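Enquirer: For reference, the sequence and a predicted model appear below.
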Amino acid sequence: MVMDSKFHVAMFPWFAMGHITPYLTLSNKFAERGIRISFFIPIKTQRKFNHLNLHPHLIQFIPLIVPHVDGLPLGAESSSDVHVEKTYLIQQALDLTQDQVQIALEKFKPDIIFFDFAHWIPTVARSLGIKSVFVSTSGAVTNFDNRISLVNRLLIAMKESDALGFRACHETEGPFADFLKNQYNNKPVLLTGPLLTRTSNTILEEKWAKWLGGFEKGSVVYCAFGSECVLQKDQFQELVLGLEQTGLPFLVRLRPPVGADTLEEALPEGFEERVRGKGVVHGGWVQQELILSHPSVGCYVGHCGSGSMWESLVSTCQLVLVPNFGDQFLNTHFMTKGLKVAVDVERREEDGWFTREGVHKAVKLVMDEGSELGEEVRANHLKLSRILLSEGLETFYINNCILKLHDLLTT
Ligand SMILES: O=c1ccn([C@@H]2O[C@H](COP(=O)(O)OP(=O)(O)O[C@H]3OC[C@@H](O)[C@H](O)[C@H]3O)[C@@H](O)[C@H]2O)c(=O)[nH]1
């Protein structure tokens, strides 16, 4: 181990799967090195994460009762419980947990708190002698642009915190991290690395292992848009029709589109009969990391949320991106134009919507043998995934973060 690292870190991620998951992954990696963690989490959501706490003797969940806010469905406590347009109400509810958080911080007395959307944390932390670190679950690249909703919240959080952290690597986003350090008065900048969960002790559900096992190596298209995205019905139909047009086997994991209670009722006419045995559209949770690493899966059509982005980068799948909101657009730009490891689906100029032809075209572009662009992104992707999976990379980033935290506490 790099040093005596027996300090105590509190974690307060935004109430969303895509934020809680990387914060917990980071907590596990810290706990492996002896660091104690107090992890704030909405009370019902905790159940979904208990099994991912790999060091319960060091990582303690602190359940928060998320107050009801007018306009939220009863019991909603995370962004996956609501449509994206109502996310701001979850933000209001998060702000209303401030007293609970303050009382817990007074009680558990951590040395440092990591947070993202709760822009009031630095003020609370400072009053208690706790250092605050703004840790974005997105990379350094997505913290530039005003298109991101919540921008004021994030700007205050970044300005007021004692240090900044990003789920990023020098190998991919070094110049962006340097730029941000510069912009924020040379505040310490921590890069966490890719934060892969590497679920090596879990196996793929038999149902999916069997289904995927029935297809040729690298032939199946897996399509999923994270935990939050709810498409308009028309877009949902264009997406599945585009996948049908490719003629490739496909597994789609999506929430029912706007206005539909079930996926089945939203599927295009005759679709289920036509794709039977070859295409599945599923509404329940699947083990995405394991699916992406299944030998039959050769293409991932995704939304480019940061978790899925990193998971896809270390897979061998060809990547087709269909961003939906916020950082996903910048992530997509970075993946397609910056790293050149993916293609995106064209959108119509008049309304910004994608069509089945666009989906079909993008998948064929990366999956057809002899496609020049397909070969280019495959080669770039392979090169980068080798770097990201190289021995010692994760250890380097986590140990380096701990060193910087140590410096923060001692200077
Ligand atoms: O069925 C599923 C769906 C999703 N997942 C996992 O859930 C996680 C989803 O996280 P993502 O960051 O990709 O996407 P989300 O849309 O849920 O995240 C949210 O926070 C992160 C931001 O970058 C995204 O823009 C925002 O939407 C991934 O780790 C994915 O593997 C499953 O394991 N199974």
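Expert: Great, that's in hand. Residues are numbered from 1 along each chain as shown.
Enquirer: Only C-alpha atoms from now on, for both contacts and neighbour counts.
Expert: OK.
Enquirer: Contact residues of the stretch 151-300 of the chain facing the ligand?
Expert: 226, 227, 228, 285, 286, 287, 288, 289 (C-alpha under 6 Å from any ligand atom).
Enquirer: nearest to residue 196, of these?
Expert: Within these, the smallest distance to residue 196 is 9.3 Å, found for residue 289 (C-alpha to C-alpha).
Enquirer: Which among the residues of the stretch 151-300 of the chain next to the ligand count as buried?
Expert: 226, 227, 228, 288, 289 (16 or more other C-alpha atoms under 10 Å).
Enquirer: farthest-separated two in those residues?
Expert: Farthest apart among these by C-alpha to C-alpha are 228 and 289. That separation is 17.2 Å.
Enquirer: Spatially central residue in the protein, please.
Expert: By C-alpha atoms, centre = their mean, the chain has its centre lying nearest to residue 307, at 2.6 Å.
Enquirer: how much space between that one and residue 111?
Expert: As for residue 307, its distance to residue 111 is 27 Å (criterion: C-alpha to C-alpha, to the nearest Å).
Enquirer: From the ligand, how far out is residue 250?
Expert: For residue 250, the distance to the ligand equals 15 Å [C-alpha to the nearest ligand atom, to the nearest Å].
Enquirer: Am I right that that residue is in contact with residue 279?
Expert: Yes - the pair residue 250 and residue 279 qualifies as a contact (C-alpha atoms under 8 Å) at a distance of 4.7 Å.
Enquirer: Pull up the overlap in contacts between those two.
Expert: Residues touching both residue 250 and residue 279 by C-alpha atoms under 8 Å, 6 or more residues apart in numbering: residue 244.
Enquirer: Need the contact partners of stretch 323-339.
Expert: Under C-alpha under 8 Å, 6+ apart, the answer for stretch 323-339 is 138, 141-142, 147-149, 172, 229, 302-306, 309, 321-322, 340-344, 380.
Enquirer: Any buried residues in it, and which?
Expert: Neighbour-count burial for stretch 323-339 [16+ other C-alpha under 10 Å]: 323-336, 339.
Enquirer: ok, residue 155 - how many residues close by?
Expert: Using other C-alpha atoms under 10 Å, residue 155 is surrounded by 13 other residues.
Enquirer: what's the spacing between it and residue 164?
Expert: Between residue 155 and residue 164 the computed distance is 11 Å (C-alpha to C-alpha).
Enquirer: and residue 223, that's in a strand?
Expert: Yes - according to DSSP: H, G, I helix; E, B strand; the rest coil, residue 223 belongs to a strand.
Enquirer: what is it paired to in the beta sheet?
Expert: residue 252, residue 301 (DSSP bridges).
Enquirer: Assess the claim that it and residue 253 are in contact.
Expert: Yes - using C-alpha under 8 Å, residue 223 makes contact with residue 253 at a distance of 6.1 Å.
Enquirer: Give me the more crowded residue out of these two.
Expert: Higher neighbour count among residue 223 and residue 253: residue 223, with 24 against 21, using other C-alpha under 10 Å.
Enquirer: Now do the contacts for the more buried one.
Expert: 250, 251, 252, 253, 300, 301, 302.
Enquirer: any idea which of these is the one closest to the ligand?
Expert: Each of those was scored against the ligand by C-alpha to the nearest ligand atom, and residue 253 proved nearest at 6.0 Å.
Enquirer: does residue 373 sit in a helix, a strand or a coil?
Expert: Residue 373 ends up helix, using three-state DSSP.
Enquirer: Next, the buried residues of stretch 167-174.
Expert: Buried residues in stretch 167-174, counted by 16+ other C-alpha under 10 Å: 167, 168, 169, 172, 173.
Enquirer: Just the endpoints, please. Distance across stretch 273-282?
Expert: Stretch 273-282 has an end-to-end distance of 15 Å (C-alpha to C-alpha).
Enquirer: Can you give the distance of that stretch from its chain's centre?
Expert: Taking C-alpha atoms, centre = their mean, to the nearest Å, one finds the center of stretch 273-282 at 27 Å from the center of the full chain.
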